[in-house]
Every structure is written in structure tokens, then in C-alpha cells.
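*Asks:* next come a sequence and a model predicted from it.
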Amino acid sequence: MKQAGIDPERVVPLNDKGLPKGDFVIYWMQQSQRLDYNHALQYAVHLADERGLGVVVIFCLMDDYPEANLRHYAFMLEGLRETALDLGELGMKFFLIKGRPEEAIPRLARRASLVVCDRGYLRHQIAWRHGVGRRIECPFIQVEGDVVIPVERVSSKAEYAARTIRPKMHRLLGHFLKPLETRAPRRSSVGIELDVTGEASLEDAMEKLSIDRGVPPAGNFFRPGAVQARRLFQKFLEEKLENYVPNHNQPQTDNCSCMSMYLHFGQISPMELALKVQEHRDDNPEAVDAFLEELIVRRELAINFVRYTDDYDSFGSIPAWARRTLERHAPNRRPYVYSAADLDAAATHDPYWNAAMNEMKYTGFMHNYMRMYWGKKILEWSPTPREAYRTLMWLNNRHFLDGRDPNSYAGAGWVFGLHDRPWGERDIFGTVRTMTASGLERKCDIRAYVEKVGGYILTGSPGRENTGAS
Ligand SMILES: Cc1cc2nc3c(=O)[nH]c(=O)nc-3n(C[C@H](O)[C@H](O)[C@H](O)COP(=O)(O)OP(=O)(O)OC[C@H]3O[C@@H](n4cnc5c(N)ncnc54)[C@H](O)[C@@H]3O)c2cc1C
């Protein structure tokens, strides 16, 4: 049965508890940190309306979110501030609770009729949901809204490559890519008080967090929140989409959407982006297809990888052929060997690589083509492939605003051969694909890219419009 326009394949009960009377419905927000195109929220609204109840939204804030630092928390909390206001306007009270979900949600749910949550695919996100499901006394339902097509519906196994998952996705796209109306619950929850220990205010949460403050916020470059994401995306559609295809591998240009960090924090929905870009099909059919290939096929291939690969964040997750060839070539002499600290300091002999590392450090972002080069060089310049994997993952998740995402693990994996095929045999890489500085020089205006990043560092701001700083 379809409820609130939500396909039943997105909805999974996480326990089998009977329905108590309850004073309200809880939406435990974790992955989808937004108001619009939020399937879990709309499902909660629908069930609350059926019971004549209000919807209370709870977000659990932890000091020890895996690998998160000040840069990530600043982006997230600022986005949540906007979301809390949006929810309030629709009559839904938002509580920020400092504590672990497995403890906080079952405690707060004692007065609830049921709890709805969204879906995350990483190990700890799954563990939290299991933990809540084990302890909670009312029905607990998960709604999958941060993918266009429900992951298990596309495939029941880790897919080999984009070419194997693409036809499966294309067959299902028409069914699942649909608008979702944002509806307010009939009954407001704004007057509801919860007996909460650990309630935190969005204003001072940041000062009270005991977190790694070693990486500064990147707010001069990318401002958080759904409003900003939409503004940036509108600009992309109006000014950049037409050159998306020719400039795809041109890092000196800014013809990409920069939506990855907003998608990572769930501040914008992939459904909303996909539907908006489709409106431009008549003018730019090729660009629309290319964008949907990245947003749906590549992004959801990464989620497929994480969903079906237990050790998705380790060297062991790389395909056997690639591990074998890399390990066979591990004794090969490296032209340069850098430690993780040298790399973090952007202190290599290669000005192109240093510029990429600086883009990442200063802005929290990097153009896709440079991410590929950046990763391949870490593999080339590390003492062993295993150490390269660890260093790459550490830098990726430390500096990128969109780090710690399924895309991070699939992107890193790609450097080592994941979702790719064997190429001609070379030193160090074996049959894993290489990238070279001379290739960059041939294929793009790499000096203009170095200059662009130099400008960021000098001015501490983007100096160009696409990053949305105002
Ligand atoms: C070594 C390496 C590390 C990476 N680390 C991350 C990471 O930590 N987080 C992250 O989100 N992406 C990562 N990527 C994937 C990709 O580079 C970024 O998603 C993309 O550059 C983001 O820019 P954009 O939003 O302007 O993309 P656009 O070109 O505008 O594409 C729109 C959306 O499609 C998705 N997308 C685009 N390219 C890819 C891709 N190659 N694989 C999967 N999805 C894609 C993203 O969600 C992106 O926001 C990595 C890639 C590599 C090679």
C-alpha cells in the first residue's frame, strides 16, 4: 500500500512491537537532515495524521562521530539550525539531544506511539538503528529516502562496475523518480515538552562538543544548508550545465554542481536534484544524462558497494585481481616516497598535486578529475599499497566536507582498481590504471587550476561565484 506518496519498497519495520497509544510520533532524524523531499519525515507525518498526533523530530548529537572534526560539525550544525526553523514553521518541534541514539531514542520514545527513522548505509549508522530497534518499546520503522532507487531493489549483490548496475537502474528509474510533497502534520507538536536529559541548544552545541578541532570550518567557501544548496544548484543549472560534458575533466573550470557535501549531510535530496535537472532535458539532453549518470548511477553504485561489502573501508575491499597485482608490484622502487604528514602538508615535488591537496584543505572540496589524480599519486608515492590506502582514506575523510560517505570509500577504492578493469602492466601499479602529470598537461589547463587554487589561499575565499560564498 502506498502511504503519503511513498513507495512501500522504501519502508522497512525494524522491530515487531505492537502499537501503544502514545502522545506523539517521533521522527529520529539522522541521515536526511532536511525538510523537503524527506521520505521518513513525510511517512511520520502521514502516520501521525492517521492517529491525530503531532510529530516530534529528534537529532542525536555525539562528540565521537567516527572521523568527524570541527569542519564537519560546523557544516552540519549550521544546516540543522535552518532545518529546525523550517520544521518549526510547519508545527514540528525539533530536539537536539546530546547522546547516543541507542540510549536517547528508546528513552524518549516511552511516550511515543511509534518512531520513524531514515536510512544510512555505513557500519555505525546501521549499528545505531539495530541498537535502537532492540531497546525500543513501540514500533520502529525505517524509510529509505537518500537514494533515488531503494538499494536492495536495484541489486542483491555488490555490483562489478557502473556498466553492470546501470541497466538495472535505468529500468527502475521511471518507477522511483517521483516528486514528494512536503506536508505539515495536522496537529502541531510545538507545545510538547519532553523530559529530556542531554538536550542541547543549536546555538552553543559547538562550544560544548569535545571534538577534533584541528581542521577549520570551510564556511568561506561553502555555506551549509538547504537554501544554499538550492541556490548553488540553480546557478549550476542556469550557467554551468551546458558545459558539464566538455568540462567534466577540466579542473580549472567550475562546471560541476558542488552538491556532494549537501548530499552527504542530507541537506538536499538526490530526488530533488534529479527532478530539477530533468527539466532541462530539451535544452541540454547530453548534459542531463551525464549529470544523472553521476548523481544516480555512480553515487548509488557507491552505496551498493558499501551495502554489500562488509570491509568497505579497508584494503581488503579491493577486488582480488587488483590486490594481487598491486602486491606483486609492492617491492618496485618508488620515484618519491612521502609520509602521511608530508602529504597532509601539501609538501611534495609536484605542484599539481600540492594544488589539489590545498584545494581540499582550504575549501573542503576538490574537482573530481583532481581527486582521481590526487589518489593515484598517493598510491604511487606511499611505501606500500596498504599504507597508501590508509593515508588516502585518512586525508579524504579529514578534509573533505563530503568525506566519510559511501562515495569516499568507493572513490578511494577506484584508485586501487575497484569498479574498474585491468590496464597495461606498469611498475608500482601493476595492471591498475595510472595517471600522470604529463597526462594532466595534455588533457586540461592544469596551470590555470594551480593558479585558481593559489587564489583561494591568498584571499581565503573562492574568488569565483560557483562555491556560493556571498
Ligand atoms: C579518490 C576519490 C575520492 C573521492 N571522495 C569522495 C568523497 O569523499 N565524497 C564524495 O561525495 N565523493 C567522493 N568522490 C567522488 C566524486 O569525486 C565527487 O562526488 C564529486 O567530485 C563531487 O563533486 P560535485 O558534487 O560537483 O559532482 P557533480 O559532477 O556535480 O555530480 C553530482 C553528484 O553526483 C555524484 N558523483 C559525482 N561524481 C561521482 C563519482 N565519481 N562517484 C560517485 N558519485 C559521484 C555526487 O554525489 C555529486 O555531488 C571521490 C572520488 C575519487 C576519485
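*Replies:* Nice, thanks for sending it over. Residues are numbered from 1 along each chain as shown.

*Asks:* now do the closest residue to the ligand within the stretch 351-470 of the chain, the pLDDT please.
*Replies:* As assessed by C-beta to the nearest ligand atom, the ligand sits closest to Gly411 within the stretch 351-470 of the chain, at 2.5 Å. Quick note: C-beta positions are derived from backbone N, CA and C, even for glycine. pLDDT for Gly411: 98.

*Asks:* and it, that one's in a strand?
*Replies:* No. Gly411 is assigned helix when assessed by DSSP: H, G, I helix; E, B strand; the rest coil, not a strand.

*Asks:* is Val115 part of a helix or strand, or is it coil?
*Replies:* Classified using three-state DSSP, Val115 is strand.

*Asks:* now it: how far from Lys443?
*Replies:* According to C-beta to C-beta, to the nearest Å, Val115 stands 51 Å off from Lys443.

*Asks:* who has more neighbours out of those two?
*Replies:* Val115 (29 against 12; other C-beta atoms under 10 Å).

*Asks:* burial count for Leu19?
*Replies:* 11.

*Asks:* an error on my part: the question was meant for Asp23.
*Replies:* Asp23: 15 neighbours (other C-beta under 10 Å).

*Asks:* next, the contact list for the nearest residue to it once chain neighbours are set aside, please.
*Replies:* Closest residue to Asp23 apart from its sequence neighbours, by C-beta to C-beta, 6 or more residues apart in numbering: Arg111 at 4.8 Å. If a contact means C-beta atoms under 8 Å, 6 or more residues apart in numbering, then Arg111 has Gly22, Asp23, Phe24, Leu194 as its contacts.

*Asks:* distance of Arg111 relative to Tyr27?
*Replies:* Arg111 is 15 Å from Tyr27, by C-beta to C-beta.

*Asks:* kindly report the same for Arg334.
*Replies:* From Arg334 to Tyr27 the distance is 51 Å (C-beta to C-beta).

*Asks:* and these two? which has more neighbours close in?
*Replies:* Tyr27 (28 against 16).

*Asks:* who's the more buried one bridged to?
*Replies:* As for beta bridges, Tyr27 partners with Val57, Val116 under DSSP bridges.

*Asks:* how close does it sit to the ligand?
*Replies:* Tyr27 is 24 Å from the ligand, where distance means C-beta to the nearest ligand atom, to the nearest Å.

*Asks:* so that residue touches Val56, yeah?
*Replies:* Yes. Tyr27 lies in contact with Val56 (C-beta atoms under 8 Å); the separation is 7.4 Å.

*Asks:* quick one: common contacting residues for the two?
*Replies:* With C-beta under 8 Å, 6+ apart as the test, Tyr27 and Val56 both reach Met92.

*Asks:* excluding its backbone neighbours, what's nearest the residue of the stretch 351-470 of the chain closest to the ligand?
*Replies:* Distances taken as C-beta to C-beta, 6+ apart place Arg371 nearest to Gly411, at 6.3 Å, with adjacent residues excluded.

*Asks:* SS state for that neighbour?
*Replies:* Taking three-state DSSP, the label given to Arg371 is helix.

*Asks:* whichever helix or strand Glu441 is part of: what's the following helix or strand?
*Replies:* Under DSSP states H and E, the secondary-structure element containing Glu441 is helix 437-443. Where DSSP H and E defines the elements, the next helix or strand beyond helix 437-443 is helix 446-459.

*Asks:* alpha carbons of that following helix, as PDB, please.
*Replies:* Extracted C-alpha coordinates of helix 446-459, given in PDB (Å, rounded to 0.1, in the frame of the first residue of the first chain):
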ATOM      1  CA  ILE A 446      46.500  22.400 -15.300                       C
ATOM      2  CA  ARG A 447      48.500  25.600 -14.800                       C
ATOM      3  CA  ALA A 448      45.200  27.600 -14.600                       C
ATOM      4  CA  TYR A 449      44.000  25.100 -12.000                       C
ATOM      5  CA  VAL A 450      47.100  25.700  -9.900                       C
ATOM      6  CA  GLU A 451      46.500  29.500 -10.200                       C
ATOM      7  CA  LYS A 452      42.900  29.100  -9.200                       C
ATOM      8  CA  VAL A 453      43.800  27.300  -6.000                       C
ATOM      9  CA  GLY A 454      46.600  29.800  -5.300                       C
ATOM     10  CA  GLY A 455      43.900  32.500  -5.500                       C
ATOM     11  CA  TYR A 456      41.900  30.700  -2.800                       C
ATOM     12  CA  ILE A 457      44.800  30.500  -0.500                       C
ATOM     13  CA  LEU A 458      45.800  34.200  -1.000                       C
ATOM     14  CA  THR A 459      42.300  35.600  -0.500                       C
END
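
*Asks:* from the middle of its chain, how far away would it be?
*Replies:* Counting by C-alpha atoms, centre = their mean, to the nearest Å, helix 446-459 is centred 26 Å from the centre of its parent chain.
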